[in-house]
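1. Structure, please.
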Amino acid sequence: QVKSAMRQCPELFKHAIVIGAGLAGSAVAHSLATRGWKVQVLDQGEALGAGASGLPAGILATHVSPDNNVLSRITRDGVRATIQRAQALLDHGLDWSLSSLLEHRYAGKRELPKGDRWPEAGHEWSTPATTPQKKAAGLTEQTAALWHNLAGWLQPQSLVKAQLKHHNIELRTQQKVAQLHAHNQQWQCSDAQGKLIAQAPLLVLANAYDAQALIDSIKLSSQVAPHPHLPATALRGQVSIGPMRLLPPNMQKSLPHFPVNGHGSLICHQQCQEPYWIVGSSFQRNDFDLQTRHEDQVSNMQQWAELMPAWQEEILNQIDLGQTTAWAAIRMALPDRLPAVGAFSHPELKGLTVCTGLGARGISWSVLCGELLAAHVSHEPLPMAASLAKLMAANRFG
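-> Residues are numbered from 1 along each chain as shown. Got it, this is the predicted structure:
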């Protein structure tokens with residue numbers, strides 16, 4: 001009867017709830033909404049950008065490896081998907097920029113594949129940096145560096161807001177979901193007092209580290225299989241932010257308009273109330289402290305000095321840390337460094353899906369993950385090679 005009703009009135013069943021309104025949740029919601037789904041997005045924060053997606057600006061960059069490994073191939077797919085969505089929804093130069101990016105191969109890492117393993121088409125993505133490009137980034141001619149043409153920077157909150165503007169999406173903030181319950185082929189979301197918040201046939205958990213607690217809240221009718229377990233690692237990151245006027249005049253004039261990464265990263269000439277730069281981030285595992293730390297500010301300056309050694313003296317001795325600000329957040333990663341996208345294999349969890357584990361690659365991966373999940377539930381061709389999509393499947397965790 002249910003299948004018959006779905007065939008006769010499919011629009012009644014294309015209703016989804018997405019928990020989490022960050023990069024992952026907004027990307028999933030937008031991908032579903034453009035396919036005709038009615039989507040309710042629930043977020044526990046008072047406003048958008050309360051979590052890791054509140055980063056003022058971050059880099060949009062590919063990943064290279066000598067063997068062109070899985071991580072590299074998936075990241076190229078992700079960058080391509082993010083570029084396409086940014087071109088459709090954002091203002092270039094204001095919310096994001098396909099500015100290219102220089103990667104300082106700090107300690108000799110991130111090498112390109114050799115010879116025919118990196119064909120001419122690959123060089124359209126990434127290629128050895130030229131001497132002028134290196135000098136513009138504060139490096140010497142001898143420094144190993146790569147130039148990523150299809151790369152740049154993006155303001156995550158701008159992308160989140162743009163994705164959630166779709167007319168098929170309803171955003172509800174200050175909604176703390178504490179319990180999940182499956183009833184009559186609907187997933188019910190309730191608060192800590194058991195009050196029903198929302199229900200729909202499709203539920204997407206895109207709330208990073210908090211997803212596991214909701215999975216564990218589900219009462220299973222049998223002991224056929226345990227709850228799926230996402231072996232998450234929390235990654236704390238703190239960035240340092242300062243106005244361009246804080247920098248010595250020679251730096252203000254000379255710092256590039258493209259980002260530089262490799263040992264931390266730098267994005268400068270960003271616009272808010274006044275032009276600013278952002279550098280970092282720190283990297284601490286299983287650290288949940290969101291208080292910003294002076295020692296991390298110092299560490300970020302040291303990273304910056306190593307990243308762009310031509311300005312080492314200015315960075316370490318001429319920037320007043322008392323005039324900088326800091327921002328910290330917790331990201332969530334999985335042991336194989338890949339996200340978890342889609343449904344679990346557990347027989348009692350049909351209609352429950354996840355989009356999580358993006359780690360520090362939310363900007364580069366979130367749109368791809370949203371498109372992949374939406375393609376799965378809409379029974380469409382996948383937006384990437386099936387062999388790579390399989391490696392990202394949530395059912396590897398239960």
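2. Give me the most central residue, the chain.
-> Central residue of the chain (CA atoms, centre = their mean): residue 362, 0.7 Å from the mean position.
3. wait, what's in contact with it?
-> Counting by CB atoms under 8 Å, 6 or more residues apart in numbering, residue 362 makes contact with 22, 23, 24, 52, 53, 58, 156, 331. In this view, the C-beta of every residue, glycine as well, is placed from N, C-alpha and C.
4. so what's the closest residue to the third one other than its chain neighbours up against?
-> Leaving out its chain neighbours, the residue that sits closest to residue 24 by CB to CB, 6 or more residues apart in numbering is residue 206, at 4.1 Å. Residue 206 sits next to 18, 19, 20, 22, 24, 25, 28, 354, 355, 356 when contact means CB under 8 Å, 6+ apart.
5. beta partners of the first one?
-> The residues paired with residue 18 through beta bridges, assigned by DSSP bridges, are residue 41, residue 204.
6. I'd say it and residue 27 touch.
-> No - if you go by CB atoms under 8 Å, residue 18 and residue 27 don't touch, sitting 9.5 Å apart.
7. list the contacts for the residue nearest to residue 104 when sequence neighbours are not counted?
-> Excluding the flanking residues, the one nearest residue 104 by CB to CB, 6+ apart is residue 262, at 3.5 Å. Contacts were defined as CB under 8 Å, 6+ apart; by that measure residue 262 touches 103, 104, 105, 106, 110, 145, 307.
8. Redo the residues you listed as CSV? Include distance to residue 317, secondary structure and pLDDT.
-> Converted to CSV, the contacts of residue 262 look like this (distance: CB to CB, whole Å; DSSP: H, G, I helix; E, B strand; the rest coil; pLDDT from 0 to 100):
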residue, distance to residue 317, secondary structure, pLDDT
103, 26, strand, 97
104, 21, strand, 97
105, 26, coil, 94
106, 22, helix, 87
110, 29, coil, 86
145, 25, strand, 96
307, 16, helix, 96
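9. Can you tell me which of those residues has the most neighbours?
-> Among these, residue 103 has the most neighbours (other CB atoms under 10 Å), with 28 neighbours.
10. Return the distance of it relative to residue 238.
-> In this view, residue 103 and residue 238 are 22 Å apart by CB to CB, to the nearest Å.
11. before we move on, what about residue 309?
-> 22 Å.
12. Which residue of the two possesses the greater neighbour count?
-> Shown here are residue 309 and residue 238; by other CB under 10 Å, residue 238 has more neighbours (24 against 15).
13. Sheet partners, orientation included, of the host helix or strand of that one?
-> Assessed by DSSP states H and E, residue 238 sits inside strand 233-243. Next to strand 233-243 in the sheet, as set by DSSP bridges, lie strand 276-280 (antiparallel), strand 284-285 (antiparallel), strand 325-333 (antiparallel).
14. Pipe those strands into a markdown table and attach mean pLDDT per row.
-> Listed next are the strands paired with strand 233-243 as a markdown table, based on pLDDT from 0 to 100:
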| stretch | mean pLDDT |
| --- | --- |
| strand 276-280 | 94 |
| strand 284-285 | 90 |
| strand 325-333 | 93 |
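15. Look up the closest residue to residue 61, ignoring the ones flanking it.
-> Leaving aside its chain neighbours, residue 61 sits nearest to residue 151 (4.4 Å; criterion: CB to CB, 6+ apart).
16. got a list of what that neighbour touches?
-> Contacts of residue 151 by CB under 8 Å, 6+ apart are 59, 60, 61, 62, 79, 98, 99, 100, 101, 259.
17. for the second one, what are its contacts?
-> Spelled out, it's residue 60. 79, 82-83, 86, 96, 98, 101, 151-154, 363-364.
18. where does it land on pLDDT?
-> Residue 60 is assigned 96 on the pLDDT scale.
19. What backbone torsions are found at it?
-> With angles defined as degrees, to the nearest 10, residue 60 sits at phi -110, psi 100.
20. count of residues packed around residue 140?
-> Residues near residue 140, counting by other CB under 10 Å: 11.
21. nope, residue 391 is what I was after
-> By the other CB under 10 Å criterion, the neighbourhood of residue 391 contains 15 residues.
22. Distance check, it against residue 125.
-> 20 Å.
23. Residue 111 too?
-> Relative to residue 125, and taking CB to CB, residue 111 is found at 14 Å.
24. show me the contacts for residue 307.
-> 104, 106, 138, 260, 261, 262, 263, 264, 265, 266.
25. give the contact list for the closest residue to residue 252 other than its chain neighbours.
-> In this structure, residue 252 finds its nearest non-sequential neighbour in residue 244, 5.5 Å apart by CB to CB, 6+ apart. Residues near residue 244 by CB under 8 Å, 6+ apart: 252, 268, 269, 274, 275, 276, 277.
26. What's the mean pLDDT across the helix of greatest length in the chain?
-> Longest among the helix segments of the chain by residue count, using DSSP state H, is helix 70-89. Helix 70-89 comes out with an average pLDDT of 97.
27. next one: stretch 121-139
-> Stretch 121-139 carries an average pLDDT of 96.
28. can you check stretch 217-230 too?
-> Mean pLDDT, computed over stretch 217-230, is 88.
29. same thing with stretch 362-373?
-> Stretch 362-373 shows an average pLDDT of 97 in the prediction.
30. can you pull out the helices in the stretch 151-300 of the chain?
-> Along the stretch 151-300 of the chain, the stretches classed as helices by DSSP state H, counting those that start in this stretch are 156-164, 211-216, 249-254, 294-307.
31. among those, which is the most enclosed?
-> Of all the helices of the stretch 151-300 of the chain, helix 156-164 carries the top mean neighbour count, a mean of 22, counting by mean count of other CB atoms under 10 Å.
32. what does that helix contact?
-> 21-23, 26-27, 29-30, 41, 48-49, 53-58, 85-86, 89-90, 94-96, 171, 362-363.
33. at 6 Å instead, please
-> For helix 156-164, contacts defined as CB atoms under 6 Å, 6 or more residues apart in numbering pick out 23, 26, 30, 48, 49, 53, 55, 89, 90, 95, 171.
34. same thing with stretch 332-347?
-> By CB under 6 Å, 6+ apart, stretch 332-347 touches 208-209, 225, 228, 231-233, 235, 353-359, 369, 372-373, 376, 391-395, 398.
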